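Trainee: Need a 3D model of the sequence below.
(one chain, ligands or ions: 2)
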Amino acid sequence: MRLSSGVIVPKQEPQVEPGPLPEYSSTGTVTLPLHPSSSPSGSPLSEYPIPYSRPISAYAINFRMLSPCLPRLLARAAPWRSSPPLSRGVTRLYPLRLGRGFASTQFLLQNESSGPKKGLPMFARSEKLPAPAANKPMHSESVSKTPNLLGEPTLTTQEQRRADWGIIKEMSTYLWPKGNLGVKVRVGLSLGLLVGAKILNVQVPFYFKTIIDSMNVDFLALGGTVWTAAGSIIVAYGLARIGSTAFQEIRNAVFANVAQKAIRKVACNVFDHLLRLDLNFHLTRQTGGLSRAIDRGTKGISFLLTSMVFHIFPIFLEISMVCGILTYKFGPNFAAVTAATMLAYTVFTIKTTAWRTKFRKQANAADNKGATVAVDSLINYEAVKYFNNEKYEVGRYDKALKGYESASIKVATSLAFLNLGQNVIFSSALTAMMYLACHGVIDGNLTVGDLVMANQLVFQLSVPLNFLGSVYRELRQSLLDMETLFNLQKVNIAVKDKPDAKPLELKGGEIRFENVTFGYHPDRAILKNVTFTIPAGKKTAIVGPSGCGKSTILRLLFRFYDVQGGRILIDGQDIRDVTLESLRRSIGVVPQDTPLFNNTIEHNIHYGRIDATAEQVLHVSKRARIHDTISTFPEGYQTMVGERGMMISGGEKQRLAVSRLLLKDPPLLFFDEATSALDTHTEQALLGNISSILKEKERTSVFVAHRLRTIFDSDQIIVLRDGSVAEPPGTHEQLINSGGVYSSLWAGEFFFPFQNALS
Ligand SMILES: Nc1ncnc2c1ncn2[C@@H]1O[C@H](COP(=O)(O)OP(=O)(O)OP(=O)(O)O)[C@@H](O)[C@H]1O
Ligand SMILES: N[C@@H](CCC(=O)N[C@@H](CS)C(=O)NCC(=O)O)C(=O)O
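Mentor: Ligands and ions are numbered 1, 2, ... in the order given. Sure thing, here's the model as predicted:
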């Protein structure tokens with residue numbers, strides 16, 4: 001078993017090509033083999049190509065779904081094939097989890113060379129399926145209700161209706177945005193095209209009637225050709241059909257711009273807001289869940305906008321037109337039958353769909369569970385083997401599958417009931433209509449053409465109505481997803497600029513903690529009335545046992561959190577009075593756990609200052625003593641570091657973090673155990689370099705360290721213990737001579753190195 005670049009490859013399966021997934025394709029086509037009868041819109045395709053144009057992260061692909069039915073069709077088809085390969089050799093995909101509508105779909109990846117039964121499919125480890133609970137609304141106020149099994153809050157019907165209307169109202173601002181004439185013109189044009197398409201559509205039965213009536217003469221006796229009898233009407237019939245479809249398609253094209261703009265705007269607003277939220281918010285959320293909430297919410301917007309404009313509104317328009325025409329042409333009886341039928345059909349569909357939605361939710365939850373179990377087991381393949389727990393894992397997977405099986409059976413049987421009920425209602429209406437029309441023909445009030453026309457007019461309604469239940473269900477789900485998304489935007493930002501905040505004015509860089517009290521939880525203080533000064537331009541070390549609050553000092557200084565008592569001053573300015581931007585620009589951090597992007601080494605160093613030149617990047621990596629190591633990598637600076645830097649060693653990660661900091665070149669520097677993963681030789685060399693840089697520029701620097709050997713040359717050492725400063729700060733010599741806590745820590749480092757390390 002070998003782990004490489006986020007892909008688990010089983011050792012005993014040589015036919016599975018080992019090696020990394022170096023890059024994921026960002027555009028291409030996935031071809032889905034379909035049975036002709038199951039293709040969307042019934043087109044006789046045996047292969048259904050789906051273009052994708054978003055980056056493929058591991059095994060999630062976002063497709064533009066063409067029909068709300070597509071997910072169901074996709075679930076049936078396996079394997080899918082992708083072109084170009086998603087990564088080296090990976091062209092077959094096995095659907096694992098299917099999203100809805102405009103879907104994000106997750107796969108098992110399979111090498112072209114290895115069949116599904118031959119070996120364990122290659123797995124990308126980066127994108128663990130988020131737990132279902134990840135879809136909870138994030139707003140604390142809105143989560144006041146007990147979440148249900150699926151992690152969704154249970155609101156009362158009234159509250160839900162109010163929330164739904166709120167969202168529809170909010171969305172209408174995207175359809176008719178103030179001061180944006182372009183969008184308004186597009187929406188107006190789409191509506192015009194929609195009405196045009198429907199008018200043409202209802203013309204078709206009229207032409208049909210005229211053609212039938214004109215055929216209903218004795219041609220043998222009267223003579224004449226097709227052209228003289230009905231030529232122009234036949235042409236008009238064809239043109240009306242083509243025109244209706246053309247209008248519909250142009251409308252789709254015109255409206256796509258409006259929907260996509262709205263999606264982009266909302267997604268960007270939410271993303272921007274998420275980046276502003278506090279560390280605390282992010283530490284308590286599953287990142288996968290957040291990105292899924294954005295993903296589903298934005299798909300919800302697309303579905304809501306398009307289904308309103310393309311489905312709901314057109315159906316009502318068409319029903320009203322048909323009722324109007326029937327009343328006008330054949331009298332109120334026909335219209336009454338149609339109106340009553342539509343009402344019964346709609347009520348039956350909505351009620352039945354609402355009832356059966358719970359089965360689909362159960363099936364989805366079981367499906368998610370199954371996928372999570374499968375992915376988790378396969379990602380942790382080594383752990384399964386270490387403890388011989390294959391049977392246990394299969395048992396867990398089977399349990400989830402059993403849940404899915406029983407829920408899916410309920411979905412299928414309730415669908416049969418829904419379809420049957422809809423058909424009974426619709427066919428009864430058509431039969432009644434036929435009876436009335438035949439009566440009319442026998443009475444001589446109607447022609448045979450009229451009979452056909454009435455039938456055709458009503459029959460045409462059956463096409464959009466056949467999906468009413470699905471559209472209703474998707475619409476409700478979209479509203480819930482959007483609620484989650486919009487609630488994210490409402491989460492309050494705890495740490496923000498004061499209205500009159502000024503930029504930080506640095507005059508040397510003295511940092512002072514004055515009677516600072518802070519705790520992450522109200523009942524556990526981490527810092528208790530702490531006071532100390534970090535002098536400008538000097539090297540200060542903070543030492544103390546693990547968990548005493550050393551890193552917390554940095555988080556407070558960086559204003560990830562605000563203090564609960566006392567104040568923090570930089571050059572005499574309370575950090576709460578200065579702008580966050582200027583404060584954070586002035587502080588550079590090498591954190592304990594270096595956050596790296598899943599990108600190249602170069603990108604990660606460059607991140608320190610986006611506008612730095614390639615030479616500057618090279619220069620800082622030399623100073624951070626990482627250049628020589630990078631040069632030994634086959635792909636040099638273009639080496640991918642993997643998710644959170646998993647593909648490079650801890651020491652390399654730390655040196656990357658140092659070079660990134662050197663590129664940022666801030667006046668205040670904070671090193672939190674920055675060299676803990678290095679061997680003594682590299683550590684000494686790197687610390688030497690850092691010291692010379694600090695001396696060159698007279699930077700204020702703070703080193704948090706466990707290994708006292710790395711900081712004994714500091715200008716000042718602060719010893720923390722139990723949330724307080726344990727003894728007056730001083731230099732190494734002063735503290736050793738005073739014989740306090742530091743001197744015993746120092747003694748421990750040499751006489752009981754392990755005990756000290758474990759403290
Ligand atoms: N976000 C958080 N929420 C709740 N408690 C936290 C949070 N972050 C840290 N803590 C707790 O606060 C205490 C101080 O944490 P801190 O990271 O400042 O310790 P430290 O002195 O830097 O430890 P170490 O030397 O092990 O890195 C620890 O007990 C830790 O568990
Ligand atoms: N006539 C029904 C069903 C229409 C239908 O077949 N819908 C497709 C999706 S577009 C489907 O897969 N339905 C599965 C289901 O509802 O369980 C309705 O109005 O909802």
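Trainee: List the buried residues in stretch 399-419.
Mentor: Buried residues in stretch 399-419, counting neighbours by 16 or more other CB atoms under 10 Å, are found at Ala400, Leu401, Gly403, Tyr404, Ala407, Ser408, Val411, Ser414, Leu415, Leu418. All C-beta atoms are positioned from the backbone trio N, CA, C, and that covers glycine.
Trainee: Flag the least confident of these.
Mentor: For those, the weakest pLDDT value sits at Ala400, with 86.
Trainee: Excluding chain neighbours, what is closest to Phe426?
Mentor: Ser462 (5.8 Å; CB to CB, 6 or more residues apart in numbering).
Trainee: okay, now that neighbour: neighbour count?
Mentor: Using other CB atoms under 10 Å, Ser462 has 15 neighbouring residues.
Trainee: you'd agree it is up against Ala429?
Mentor: No - using CB atoms under 8 Å, Ser462 is not in contact with Ala429; the gap is 9.9 Å.
Trainee: Can you pull out the low-pLDDT segments for this structure?
Mentor: 1-156, 218-220, 222-224, 226, 229, 284-289, 643-645, 677, 749-759 (pLDDT under 70).
Trainee: mind giving me the domain split of it?
Mentor: Domains of the chain are assigned by the TED database as 157-490, 511-596+667-756.
Trainee: between the ones you listed, which one is nearest to ligand 2?
Mentor: Of all the domains of the chain, domain 157-490 sits nearest to ligand 2, with 2.5 Å by CB to the nearest ligand atom.
Trainee: What is the end-to-end distance of that closest one?
Mentor: 22 Å (CA to CA, to the nearest Å).
Trainee: what separates that domain from the chain centre, distance-wise?
Mentor: Mean C-alpha position of domain 157-490 versus that of the full chain (CA atoms, centre = their mean, to the nearest Å) differs by 24 Å.
Trainee: likewise stretch 526-540?
Mentor: The answer for stretch 526-540 is 41 Å, by CA atoms, centre = their mean.
Trainee: Next: stretch 708-719.
Mentor: That offset, for stretch 708-719, works out to 45 Å (CA atoms, centre = their mean).
Trainee: Now do the end-to-end distance for it.
Mentor: End to end - CA to CA - stretch 708-719 spans 11 Å.
Trainee: Can you list which of the buried residues of stretch 399-419 are found in helices?
Mentor: Among these, the members found in helices (DSSP state H) are Ala400, Leu401, Gly403, Tyr404, Ala407, Ser408, Val411, Ser414, Leu415, Leu418.
Trainee: on that earlier part again, take the domains of the chain and write them to TSV, including distance to Ala612.
Mentor: Output for those, formatted as TSV (distance: least, CB to CB, whole Å):
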stretch	distance to Ala612
domain 157-490	22
domain 511-596+667-756	14
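Trainee: Which among these is found nearest to Asp497?
Mentor: Each of the domains of the chain was scored for nearness to Asp497 using CB to CB, and the closest is domain 511-596+667-756 (5.3 Å).
Trainee: Let's have the domains of the chain in a markdown table, adding distance to ligand 1.
Mentor: Listed next are the domains of the chain as a markdown table, based on distance: least, CB to the nearest ligand atom, whole Å:
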| stretch | distance to ligand 1 |
| --- | --- |
| domain 157-490 | 5 |
| domain 511-596+667-756 | 3 |
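Trainee: right, and those - which one's nearest Glu635?
Mentor: Glu635 lies closest to domain 511-596+667-756 among the domains of the chain, at 15.9 Å (CB to CB).
Trainee: Check the offset of that closest one from the chain's centre.
Mentor: 37 Å.
Trainee: May I ask which two of the buried residues of stretch 399-419 are separated the most?
Mentor: Using CB to CB, the buried residues of stretch 399-419 span at most 26.4 Å, a distance reached by Ala400 and Leu418.
Trainee: Any chance you could list what contacts the helix or strand harbouring Thr629?
Mentor: According to DSSP states H and E, Thr629 maps onto helix 627-632. With contact meaning CB atoms under 8 Å, 6 or more residues apart in numbering, helix 627-632 is reached by Ile601, Leu618, Ser621, Gly636, Tyr637, Thr639, Glu652, Arg655.
Trainee: Let me know the closest of the residues you listed to ligand 1.
Mentor: Nearest to ligand 1 out of the contacts of helix 627-632 is Arg655 (CB to the nearest ligand atom; 19.4 Å).
Trainee: residues near that closest one, how many?
Mentor: So Arg655, with other CB under 10 Å, has 29 neighbours.
Trainee: Now it. Nearest residue, chain neighbours left out?
Mentor: Nearest to Arg655 is Ile626, by CB to CB, 6+ apart, at 3.9 Å.
Trainee: ok, how many other residues are close to the one you found?
Mentor: 25.
Trainee: give the contact list for it.
Mentor: Residues near Ile626 by CB under 8 Å, 6+ apart: Glu652, Arg655, Leu656, Val658, Ser659.
Trainee: if you set the cut-off to 10 Å instead, what comes out?
Mentor: Taking CB atoms under 10 Å, 6 or more residues apart in numbering, we find Ile626 in contact with 601, 605, 620, 648, 651-659, 682, 686.
Trainee: Check which helix or strand the residue sitting furthest away from the middle of the chain maps to.
Mentor: Residue farthest from the centre of the chain, counting by CA atoms, centre = their mean, is Ala221 at 71.9 Å. For Ala221, the element it lies in under DSSP H and E is helix 219-222.
Trainee: Just confirm Phe513 is within a strand.
Mentor: Yes - assignment of Phe513 by DSSP: H, G, I helix; E, B strand; the rest coil places it within a strand.
Trainee: Near it, how many other residues are there?
Mentor: As a measure of burial, Phe513 has 22 neighbours, counting by other CB under 10 Å.
Trainee: for Ala432, same thing?
Mentor: Count around Ala432 with other CB under 10 Å applied: 17.
Trainee: residues contacting it?
Mentor: Here Ala432 is in contact with Asn333, Phe334, Ala336, Val337, Thr338, Ala340, Thr341 (CB under 10 Å, 6+ apart).
Trainee: Show the contacting residues for the residue nearest to Phe426.
Mentor: Tyr345, Gln422, Asn423, Phe426, Ser427, Ala429, Leu430.
Trainee: Can you tell me how far it is from Tyr607?
Mentor: For Ser462, the distance to Tyr607 equals 57 Å [CB to CB, to the nearest Å].
Trainee: Using neighbour counts, pick out the buried residues of stretch 311-323.
Mentor: So, applying 16+ other CB under 10 Å, buried residues of stretch 311-323: His311, Ile312, Pro314, Ile315, Leu317, Glu318, Ile319, Met321, Val322, Cys323.
Trainee: now these in CSV, with distance to Val578?
Mentor: Below are these laid out as CSV (distance: CB to CB, whole Å):
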residue, distance to Val578
His311, 53
Ile312, 52
Pro314, 56
Ile315, 58
Leu317, 58
Glu318, 62
Ile319, 62
Met321, 64
Val322, 67
Cys323, 67
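Trainee: Reformat those residues as TSV; add distance to ligand 2 and secondary structure.
Mentor: Listed next are the buried residues of stretch 311-323 as TSV, based on distance: CB to the nearest ligand atom, whole Å; DSSP: H, G, I helix; E, B strand; the rest coil:
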residue	distance to ligand 2	secondary structure
His311	11	helix
Ile312	13	helix
Pro314	16	helix
Ile315	12	helix
Leu317	19	helix
Glu318	16	helix
Ile319	15	helix
Met321	21	helix
Val322	19	helix
Cys323	21	helix
